[in-house]
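Undergrad: got a predicted model here, sequence first, then my questions.
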There are 6 protein chains.
Amino acid sequence: MVNGHIALYIKWTTLYQLSHCHLSSKSWLLLMLGFRSLLVFLAGFSLFSDEQERFICNTIQPGCSNLCFNVFAPISILRLWLFHLILLLVPHLIFCTYLTHKVLSKPALIPLPPPLLHSERNSPLTLETSPSFHKSALREWTPPRFYCAYVSVVIFRMVLEAAFGVGQFFLFGLAFPKSFLCYEAPCTSGIECYISRPTEKSLMLNFMLAVAAFSIFLSFLDLVSSLKAMVGWRKRQENLLEE
Amino acid sequence: MVNGHIALYIKWTTLYQLSHCHLSSKSWLLLMLGFRSLLVFLAGFSLFSDEQERFICNTIQPGCSNLCFNVFAPISILRLWLFHLILLLVPHLIFCTYLTHKVLSKPALIPLPPPLLHSERNSPLTLETSPSFHKSALREWTPPRFYCAYVSVVIFRMVLEAAFGVGQFFLFGLAFPKSFLCYEAPCTSGIECYISRPTEKSLMLNFMLAVAAFSIFLSFLDLVSSLKAMVGWRKRQENLLEE
Amino acid sequence: MVNGHIALYIKWTTLYQLSHCHLSSKSWLLLMLGFRSLLVFLAGFSLFSDEQERFICNTIQPGCSNLCFNVFAPISILRLWLFHLILLLVPHLIFCTYLTHKVLSKPALIPLPPPLLHSERNSPLTLETSPSFHKSALREWTPPRFYCAYVSVVIFRMVLEAAFGVGQFFLFGLAFPKSFLCYEAPCTSGIECYISRPTEKSLMLNFMLAVAAFSIFLSFLDLVSSLKAMVGWRKRQENLLEE
Amino acid sequence: MVNGHIALYIKWTTLYQLSHCHLSSKSWLLLMLGFRSLLVFLAGFSLFSDEQERFICNTIQPGCSNLCFNVFAPISILRLWLFHLILLLVPHLIFCTYLTHKVLSKPALIPLPPPLLHSERNSPLTLETSPSFHKSALREWTPPRFYCAYVSVVIFRMVLEAAFGVGQFFLFGLAFPKSFLCYEAPCTSGIECYISRPTEKSLMLNFMLAVAAFSIFLSFLDLVSSLKAMVGWRKRQENLLEE
Amino acid sequence: MVNGHIALYIKWTTLYQLSHCHLSSKSWLLLMLGFRSLLVFLAGFSLFSDEQERFICNTIQPGCSNLCFNVFAPISILRLWLFHLILLLVPHLIFCTYLTHKVLSKPALIPLPPPLLHSERNSPLTLETSPSFHKSALREWTPPRFYCAYVSVVIFRMVLEAAFGVGQFFLFGLAFPKSFLCYEAPCTSGIECYISRPTEKSLMLNFMLAVAAFSIFLSFLDLVSSLKAMVGWRKRQENLLEE
Amino acid sequence: MVNGHIALYIKWTTLYQLSHCHLSSKSWLLLMLGFRSLLVFLAGFSLFSDEQERFICNTIQPGCSNLCFNVFAPISILRLWLFHLILLLVPHLIFCTYLTHKVLSKPALIPLPPPLLHSERNSPLTLETSPSFHKSALREWTPPRFYCAYVSVVIFRMVLEAAFGVGQFFLFGLAFPKSFLCYEAPCTSGIECYISRPTEKSLMLNFMLAVAAFSIFLSFLDLVSSLKAMVGWRKRQENLLEE
């Protein structure tokens, strides 16, 4: 009875660990993806929803407003952030799928019967007293290339953040102008267009850049701690093998 | 007690395997359907939602804008993507329904009583020590035409992706033009219409084509690994029968 | 303990079978209702949402656009499809309610105590060794008028599909015209009205007709297999009674 | 162990019975409330959503359209249906709350300890062999005023359906007119207003009346079967007391 | 085993009682909050959503419509109802939080071990035979200041209902006028503004007042029954202590 | 069996305690975040949704309305409240993540085997009779820096509330004006703009300030009680160590 419970416990914690993948990764996910998603969906959507309807150009020539807006914003900053969030989610999903694949493809309940066979009936499960089982289980359960995969995920994430931050800076700069002078071909030269809510949009632009910078900083800390844990785990494994 | 637990475990993993059908298929589903759905629903909907309202034609003749838009876009690219996603979902649903049908129609708990009858009370379930049960269960549990069905699903998927990719290319090409000259019958000749956000729409068009190409590549890898697994399973089964 | 588990198992599978009613029916439900609902809700809603706003008539007389649209489309094709989907759902709900009523009104757990009383404590539940229980349970559990009800549901479904298909054909034909000439009473004679997106709407019209035809074909196969199963069950029951 | 399971079973089925209150009532709820809600929410909302925006009056006097629409439709038919649905839900909720109150206020698990005390350990729960417990439990468990409450709920429901049906008939008649002549005070005499989609709205009006009539018919059948069950239960109880 | 189950049962029923707080309170919550929320969200939102868009003033002076609407409705009746519903929810949440705090802060499972220690192994849990445990548990479990808190909640609720009812009456009276004469400063004197759907809005205004009156009546009944229960509980406790 | 249950109980209550973090914190969260979120989402969104559409300026110069609204409201008060709510949520999430990290990183089920080993089979779990286990478990389970972290969270929260309250006061003052005189560069001097619903917006502005003040007051009480609990816990721990 007790054995069955502990077996289920090991099973569940493993699945739990794998589904949430890694705690520091999870906290990063929570803070960066959750916080940014809330910001983009709650504040960004209502702020940028009327960017084209309220982009008013001082002309009555039909289609000029369309042409000028295309020059002013070749890509919508809101959709760029959404695309960024989707891409940030992808490496984590790949990493978790990879881990689940690794663990579920191995015979997960095979390590349980041995103590049932070797130990007497209803004896307490002595994890410490069966070193052979302990060691092999350890080697079995600890995914060998876990840290390598995780480190590459973190590096990919940092590159992604940096690329999108730089892209945002070159496309939109650090502030939205109050008005924009448009010299697009079929329109008359020098049409002035007025942007809606430039101050609030500039604030959000800079805040999102700051969040990206903070996210790179957190990823860097995550990278360092992962590398430390990797080294520590290798040492521990070597000690176990030497014993 | 322990037997009951393991019985439930086998039951559940089988159902789990079948409901998620296949891991590589699942990862494909996750990446391709999830990623594309997120893209289409979050970015596509807001980008293409005003395609007709902001398709501005340089005419005041009523109905001309309707006629020109019908020539410019006989099918909405957004609805084409949605239809594509729905059709990609269908073979997986058929495949899973077929598998569930196969397994649930067989007496799923019949293999359990034998160890209860043959073994003594509360003896550990020795899956390895009852080879006859093991073999017949193996033959019983492994759906015989599983691989054939799966391979045909993957091939159907590749054909679908290719067909939609080619269709998209012939309907919309690789870029949206900034303006469109319309010669539709009841309007005056040569009305110029202006498309809204052509740059961003062209980018999304090309990105979706690239995703389709990557999806075909992944499906090809999936196909190869499935064929390999099929051959390997046949060999293993032959070895088991020879033993 | 084991008995209790199996009792619960029987209970649950029965409920499962009844709630999902029938596998082939379920696959029909999944394919036809799910697929069509997805199509109508995702593609149909956005395609037909502006059918009246963009139905532009070449007149400035107020109310004429209302009158002409009423003649052009006395019933909205989108709401016809929705009504069709709701009506298709109803016979399945009636059938499932009827089955649940039948089973839950019978004393569902009464068959369980006998093995508990007759067999020794903790002996494996030998369903095969208690033929009297087996037979009566079989007769108890198999709903006697199940097949008749199911066959009538399938026939009702086929009639419904055919009726709506024919109705759609007579109301809208096979294609939406590009323009519509309206001679409604208070308007001036011969007002030309322009339909929005006629090509895409015609495509969807034909596709929905094709889906309805395929659904009738699937229902026919379902009908044939149900009748076969009905005959087979009767034979099996007669064999059991003869034994 | 077995006792505990059956105790939980009795508990749960009672709660189940009470939460769903009564099967025939439930089927009525499903068919009438579910079907009507689907109709009103899916078809009604899109059909009547623009009733005021597309109620076009042949005048440019500001506010006249408001005044005429107020005379044409003092109450929106859509909100009348919603109010009807909410009111139909209320007696069922009151009835279920009343039943749950009745049952939960009684000591629901008190009947369980006696068999635990009187019977030997692990003996099968012989519900038939303890007649005294059986009878008192029966009297305890069958809510005495259940049928009276249910009959009054059904009668209330029928009155409600009839009242709303009659109200709808007097407010809107059986068809929406194509145009409406409005003689409201500050406007010029005889302004013609045009209703949008009159044909489809008339169809829905009549369909909802037919559904109300069918619902009264079903409630009548429910009433008859409830009265029969009431008489049958009284007879059974008298027989039990005489034994 | 049995003990564990009953322990869990006591635990759960207590939590159940506390989470739903009190049955009469719950029925009030269901009827008043549920019914009103449904009314306000389903009927109110669509009725009052265009109160400002269709508040048409007979002037072309820009901004006058804004100024007149501000005088006509300094507070939106819809948002007043929403605020009322939120405030009615708050005392219940405070009361439940307070109760949960009281119960969870006490050592809830401490009373269970004693019977495990004192009674023999596997003896049926005789709640009646251990009077000392029974009494202390009773005193422990019955929250002493429960009734005082509940009575104050009910009184607070009644005051809230009355205050909002009176407020609604002074702000909007019992009917919406068809037109409103506005003498706001920068506009020309005597602008006539027309309200949309005045009849339906007046009906809803009166219906909500009637619901508030009925809610005060129900709260009064609740108050009386709570005071009776309080007196009865005190008497029972005194009897227990005297025994 | 019993041991297993209590072990699970300890496990779950700890997780429960940690996931809900702290009761007083939770009640603050419920009252302040829940109440404010309801207010902002239900009342705020509909009140401020048309702040820019109905900000009507007495000019026909294109773009002037955009420029004036940017001066009138450099930041939307609604998005400021949303941002405030998101930021208030963040310290709680960090605190809970930190606690979960602390507890889950420790070997949570290690304390369970010892009683299984030391005590005889099936003996009742005597938590009181194994003082050594009790003490060490206490020290193990009570997170050492829990109170410090919680106090810093409360202080951070108070600072945040004060900062946003002050910010709101300096940006919007205590009332919205009925009209706003705008002297923005490219427009003609002295354009008058009219705000929609100034009275209701001013009321909401002041109410949100009052809620912020009440929240600071509650946080102060929370801070005091946390510091008291911190001192009390230290004393209790010292007493335990001295025993």
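TA: Structure received.
Undergrad: next, the residue in chain A positioned nearest to chain F: phi, psi?
TA: Closest to chain F within chain A is residue A:194: 3.0 Å, counting by Cβ to the nearest Cβ. C-beta here means a position set from N, CA and C on the backbone, and glycine is covered the same way. The phi/psi pair for residue A:194 (degrees, to the nearest 10) reads phi -110, psi 130.
Undergrad: show me what contacts the residue nearest to residue A:65 when sequence neighbours are not counted?
TA: Spatial nearest neighbour of residue A:65, excluding adjacent residues (Cβ to Cβ, 6 or more residues apart in numbering or on different chains): residue A:57 at 4.7 Å. Contact analysis of residue A:57 by Cβ atoms under 8 Å, 6 or more residues apart in numbering or on different chains lists A:64-65, A:68, A:182, A:191-194, F:62-63.
Undergrad: now with 6 Å, please.
TA: A:64-65, A:68, A:191, A:193 (Cβ atoms under 6 Å, 6 or more residues apart in numbering or on different chains).
Undergrad: likewise residue A:156?
TA: Residue A:156 neighbours (Cβ under 6 Å, 6+ apart): residue A:91.
Undergrad: also residue A:172?
TA: Residues counted as contacts of residue A:172 (Cβ under 6 Å, 6+ apart) are A:77, A:205.
Undergrad: could you do residue A:228 as well?
TA: With contact set as Cβ under 6 Å, 6+ apart, residue A:228 has no partners.
Undergrad: now stretch A:181-190 - C-alpha only, PDB.
TA: C-alpha atoms of stretch A:181-190 as PDB (Å, rounded to 0.1, in the frame of the first residue of the first chain):
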ATOM      1  CA  LEU A 181       5.200  64.200 -42.700                       C
ATOM      2  CA  CYS A 182       4.400  61.800 -45.600                       C
ATOM      3  CA  TYR A 183       5.900  62.000 -49.100                       C
ATOM      4  CA  GLU A 184       4.300  58.900 -50.600                       C
ATOM      5  CA  ALA A 185       4.100  58.700 -54.400                       C
ATOM      6  CA  PRO A 186       0.500  59.300 -55.600                       C
ATOM      7  CA  CYS A 187      -0.300  61.800 -52.800                       C
ATOM      8  CA  THR A 188       0.500  65.500 -53.000                       C
ATOM      9  CA  SER A 189       3.900  66.300 -51.500                       C
ATOM     10  CA  GLY A 190       4.200  66.900 -47.700                       C
END
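Undergrad: close to chain F, is it?
TA: No: counting by Cβ under 6 Å from any Cβ of the partner chain, chain F is not contacted by stretch A:181-190; separation bottoms out at 11.9 Å.
Undergrad: give the buried residues for that stretch.
TA: Neighbour-count burial for stretch A:181-190 flags A:182, A:184, A:187 (criterion: 16 or more other Cβ atoms under 10 Å in any protein chain shown).
Undergrad: reformat those residues as CSV; add pLDDT.
TA: Listed next are the buried residues of stretch A:181-190 as CSV, based on pLDDT from 0 to 100:
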residue, pLDDT
A:182, 89
A:184, 80
A:187, 81
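Undergrad: among those residues, which are located in strands?
TA: Among the buried residues of stretch A:181-190, the members found in strands (DSSP state E) are residue A:182.
Undergrad: just the buried residues of stretch A:181-190 that are near chain D?
TA: Counting by Cβ under 6 Å from any Cβ, no member of these reaches chain D.
Undergrad: of the buried residues of stretch A:181-190, closest to residue E:44?
TA: Distance to residue E:44 across the buried residues of stretch A:181-190 (Cβ to Cβ) is lowest for residue A:182, with 45.0 Å.
Undergrad: show me what contacts the closest one?
TA: Residue A:182 is in contact with A:68, A:71, A:191, A:193, counting by Cβ under 6 Å, 6+ apart.
Undergrad: that one: what's its closest spatial neighbour, skipping adjacent residues?
TA: residue A:68 (3.7 Å).
Undergrad: residues in contact with the one you found?
TA: Per Cβ under 6 Å, 6+ apart, neighbours of residue A:68: A:57, A:182, A:184, A:193.
Undergrad: picking that back up, nearest to residue D:51, of the contacts of residue A:57?
TA: residue A:65 (32.9 Å).
Undergrad: so residue A:165 touches residue A:212, yeah?
TA: Yes: using Cβ atoms under 6 Å, residue A:165 is in contact with residue A:212, at 4.4 Å.
Undergrad: between these two, which is the more surrounded one?
TA: Counted by other Cβ atoms under 10 Å in any protein chain shown, residue A:165 and residue A:212 do not tie: residue A:212 has more neighbours, with 22 against 19.
Undergrad: which element, helix or strand, includes the more buried one?
TA: helix A:198-242 (DSSP states H and E).
Undergrad: so in chain A, where's the weakest helix or strand by average pLDDT?
TA: helix A:113-118 (a mean of 34; mean pLDDT, DSSP states H and E).
Undergrad: residue contacts, the residue of chain A found nearest chain B?
TA: Taking Cβ to the nearest Cβ, chain B has its nearest neighbour within chain A at residue A:63, 3.0 Å off. Applying Cβ under 6 Å, 6+ apart, we find residue A:63 in contact with B:56, B:194.
Undergrad: tell me the spacing between it and residue A:74.
TA: Distance of residue A:63 to residue A:74, computed by Cβ to Cβ, to the nearest Å: 17 Å.
Undergrad: before we move on, what about residue A:160?
TA: Applying Cβ to Cβ to residue A:160 and residue A:74 gives a distance of 21 Å.
Undergrad: neighbour-wise, which of these two wins?
TA: residue A:160 (19 against 14).
Undergrad: and the more buried one, which helix or strand is it part of?
TA: helix A:146-172.
Undergrad: what angle sits between that helix and helix A:198-242?
TA: 170 degrees (axes from the mean of the first three to the mean of the last three Cα atoms, to 10 degrees).
Undergrad: got the phi and psi for residue A:50?
TA: The phi/psi pair for residue A:50 (degrees, to the nearest 10) is phi -110, psi 30.
Undergrad: what's the helix or strand for the spatially closest residue to it that is not a sequence neighbour?
TA: Distance criterion Cβ to Cβ, 6+ apart; nearest residue to residue A:50, sequence neighbours excluded, is residue A:196 at 6.3 Å. Here residue A:196, judged by DSSP H and E, is contained in no helix and no strand.
Undergrad: my guess is residue A:196 contacts residue F:64. True?
TA: No: using Cβ under 6 Å, residue A:196 is not in contact with residue F:64; the gap is 12.0 Å.
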